[in-house]
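Novice: Need coordinates for the below:
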Amino acid sequence: MNVRQIEAFRLVMLTGTVTAAAERLRISQPAVSRLISLLEAKAGLKLFVRSKQRLHPTPEAMLFHREVERSFVGLEKLERAALNIRSVTSGSLRIASIPVVGIAFLPRVIARFRRDHPDVSISLQTRSSVTVIDWVMSSNYDLGFASSTPDQANLQSLAYAAIPGVCILPARHRLVRRKIIEAKDLEGEEFISLDPTDGNRVNVDRIFAGADVRRRLTLEAPYAAVIAAMVGQGIGVSVINPMAALDWPAERLVTRPFVPTVSFGFSLLYRKDIPMSLAARSFLAAMRNEMAELFGAETFLASI
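Specialist: Predicted structure coming up:
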């Protein structure tokens, strides 16, 4: 027996007539009758009694129809599951990120994504770049955002975005009246730096060295979010990725464009050997839109 024969039988049982079944299947009435006859021969069952050009189901047909409906319920579930996957209305997404991207910015992306995909479950973890790379490599996470672009087998690593850094100041700092902060303006200021091993720290230090500007460098922190918190407490200034300052109120912390420009970049990581899900692609689209609104479309270095 084949699927077409089962469909013909089911529709005759549901509609009560060969005519209606033929209309639903978009074939002729004789074709439906032929499918029913073939099914009876294959199953070895008498399914219908023919009387006055009508088919009357036998008790065996009623029992067989019950089993057919159970099978069709399973097929309908599969169809719904496929539809949900296509439209990203179900499933899960696991994301690992460095804190500067994950703490303030990715929650905004998740809120945007969930407006269209409210039933997709999302796990977001923030860790160091080394841990993010390990987690994506081990296939525990679908997407990773790190500060470096490692060259490892089976790991796709793309320089994903580069955002101009901003100078962050305590709300009552003497420089808040200025629309733009130049390197020379921070001469003698208590400057809160990233960890010495951080590539962004190296770039920032190079700019100040090139401008022959001396800062007070008695404070360091491993993450830009921590630096923003310290500036918010009024204990120094810094130049950081603006993502780290997104959630700070203006009465605590002020951001200003910084010149010369220093870019803060990050990379997108995912497995080469595992096809990216529709949910992950939709999330990256939401991320691109959110970043373009906040920082400009030109901040993107790559697209997926």
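Novice: When you work out contacts or count neighbours from here on, use the C-alpha atoms and nothing else.
Specialist: Will do.
Novice: ok, now which ones touch Ala244?
Specialist: Contacts here follow CA atoms under 8 Å, 6 or more residues apart in numbering; on that basis Ala244 touches Val100, Val101, Ile103, Ala104, Phe105, Ala224, Ala225, Ala228.
Novice: Any chance of a ChimeraX selection covering the buried ones in those residues?
Specialist: In ChimeraX, this line selects whichever of these come out buried by 16 or more other CA atoms under 10 Å:
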select :100,101,103,104,105,224,225,228
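Novice: now, which of the contacts of Ala244 sits nearest Thr58?
Specialist: Distance from Thr58 was checked for each of the contacts of Ala244 by CA to CA. The minimum falls on Phe105, at 65.1 Å.
Novice: Could you look up the SS state of the residue nearest to that closest one when sequence neighbours are not counted?
Specialist: Distance criterion CA to CA, 6 or more residues apart in numbering; nearest residue to Phe105, sequence neighbours excluded, is Met243 at 5.9 Å. Following DSSP: H, G, I helix; E, B strand; the rest coil, Met243 is assigned to helix.
Novice: Okay, helices next: where are they in the stretch 201-304 of the chain?
Specialist: 224-232, 278-295 (DSSP state H, counting those that start in this stretch).
Novice: you'd agree the residue nearest to Phe105 is up against Ala104?
Specialist: Yes: counting by CA atoms under 8 Å, Ala104 is a contact partner of Met243 at 6.6 Å.
Novice: can you tell me which residues contact Ala8?
Specialist: Contact partners of Ala8, counting by CA under 8 Å, 6+ apart, are Ala21, Ala22, Leu25, Val32, Leu35, Ile36.
Novice: Quickly check those residues for the two that are furthest apart.
Specialist: Leu25 and Ile36 (13.1 Å).
Novice: Of these two, which one has the most company?
Specialist: Ranked by neighbour count (other CA atoms under 10 Å), Leu25 and Ile36 place Ile36 first, with 24 against 16.
Novice: buried sites along the helix or strand the more buried one falls within?
Specialist: For Ile36, the element it lies in under DSSP states H and E is helix 29-43. Neighbour counts over helix 29-43 (16+ other CA under 10 Å) mark Gln29, Val32, Ser33, Leu35, Ile36, Ser37, Leu39, Glu40 as buried.
Novice: Turn these into CSV, including pLDDT.
Specialist: Formatted as CSV, these follow (pLDDT from 0 to 100):
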residue, pLDDT
Gln29, 87
Val32, 87
Ser33, 86
Leu35, 88
Ile36, 87
Ser37, 88
Leu39, 81
Glu40, 85
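Novice: Please render the residues you listed as a markdown table that adds distance to Val120 to the earlier fields.
Specialist: Formatted as a markdown table, the buried residues of helix 29-43 follow (distance: CA to CA, whole Å):
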| residue | distance to Val120 |
| --- | --- |
| Gln29 | 45 |
| Val32 | 42 |
| Ser33 | 45 |
| Leu35 | 42 |
| Ile36 | 43 |
| Ser37 | 46 |
| Leu39 | 42 |
| Glu40 | 45 |
